[in-house]
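Peer 1: Here is my input, please return the structure:
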Amino acid sequence: MPYVTNQGVRIHYEVEGAGPPLVLQHGYTFNSELWYRFGYVDVLKPHYRLVLVDARGHGASDKPHDRAAYAWPVNIADILAVLDHLGIARAAFWGYSMGGAIVLGLAQHAPHRVSALIVGGATAYPTSLATLPDGSNPEAFIAWLETTVGARASPEFRALLLSSDLRALAAAAQDRPSMLEGLPKMRMPCLFYAGDSDGRFTNARRTAEQIPNAVFVPLRGLNHPEAFFRAADLVVPHAMKFLSAASSPD
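Peer 2: The predicted structure is shown next:
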C-alpha cells in the first residue's frame, strides 16, 4: 500500500485512472474504499487521475489515540503531503462531510493548489462535538453518531463502525472553527450539494451563497449518509459537468 508520512503519522492513499488530478476525501468514520464500493471510482477514473486519501484515524492510515494528533488543520497538511509526494502542484478536490470541511479548509489555506472544489454535506460554520463519547463503548459511540447525523446506521454501516478503531475515531472527531470569514475571498469554481433531509442542508446552502463562484445542488429526499451512499448516480453527472466547465478556457 502506498503511504506518505506527515508529522509522524502514515497517511494511506491510492491512485486510480488518468487525466487531470482529482482528490477524493471521505467523510468521518468512512474510508477511501467506499468511493469504490458506491460507484464513484468506476465512473470517474476514465476521465481523471483520482487520488483517494484515508484521513488519519481511518481506513489504512495510522490511528493514533491522542487527540492532539488530530488538531485542526492537520488533515489539510496530510492531503498536501500526499500531493507533494506525487508531484501534483494543483488539483481539483472533492470531499464529503468531514472530507468536505477538510477540502474547504484546504481551499482557504492553500488556494493556489486548488483548481476546483466540490463539497458535499459540509459547511463553513463552526462545529462543536462536546457530547462525543471516548469510543470505549461501541453502542454508545454508534448512538452518538446516529444522533449527530440524524439517521439510523444501516447494517452495512454498523458493521463498518464495529470493525473500526473507535478510540481513534473518537480522538479524530474534534471541534472545527468557523471558515465563514474566508468564503468571499475564494475565487476557484465551487460546487456544493447536500440532501434536503440533512440537518446541514441550510448551512451548506448558505455557505455556497457566500462564495463568489459557487453553485449549490439540492438532493431531494436524502439525509446525510444517503447523499453519499445512494447518490453517486445523482451527483457524479453534476460533478463531471462542473469539472469540465471549470477546466475549460473562458
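
Peer 1: What are the contacting residues of stretch 52-62?
Peer 2: 1, 3, 9-16, 23-26, 29-33, 35, 41, 63-64, 69-70, 74-75, 78-79, 82, 98-99, 102, 164-165, 168-169, 171-172 (CB atoms under 8 Å, 6 or more residues apart in numbering). C-betas here are computed from N, CA, C, even on glycine.

Peer 1: Just these: which are in helices?
Peer 2: 33, 35, 41, 74-75, 78-79, 82, 98-99, 102, 168-169, 171-172 (DSSP state H).

Peer 1: Identify the nearest residue to the residue nearest the centre of the chain in space, disregarding sequence-adjacent positions?
Peer 2: Among the residues of the chain, the one closest to the centroid is residue 99, at 1.5 Å (CA atoms, centre = their mean). Computed as CB to CB, 6 or more residues apart in numbering, the closest residue to residue 99 that is not its neighbour in sequence is residue 25, at 3.4 Å.

Peer 1: From residue 217, how far off is the one you found?
Peer 2: Distance, residue 25 to residue 217, by CB to CB, to the nearest Å: 19 Å.

Peer 1: Between those two, point out the one with more neighbours.
Peer 2: Neighbour totals were compared for residue 25 and residue 217, and residue 25 leads with 28 against 17 (other CB atoms under 10 Å).

Peer 1: from what I can see that one touches residue 101, true?
Peer 2: No - look at residue 25 against residue 101 with CB atoms under 8 Å: they stay out of range, at 9.4 Å.

Peer 1: Show me what residue 119 bridges to in the sheet.
Peer 2: residue 95, residue 192 (DSSP bridges).

Peer 1: so who does residue 108 touch?
Peer 2: Counting by CB under 8 Å, 6+ apart, the residues that residue 108 touches are 179, 182, 185, 186.

Peer 1: Distance from the biggest helix by length in the chain to the middle of the chain?
Peer 2: Longest helix of the chain, by residue count under DSSP H: helix 232-247. In terms of CA atoms, centre = their mean, to the nearest Å, the centre of helix 232-247 is set 16 Å apart from its chain centre.
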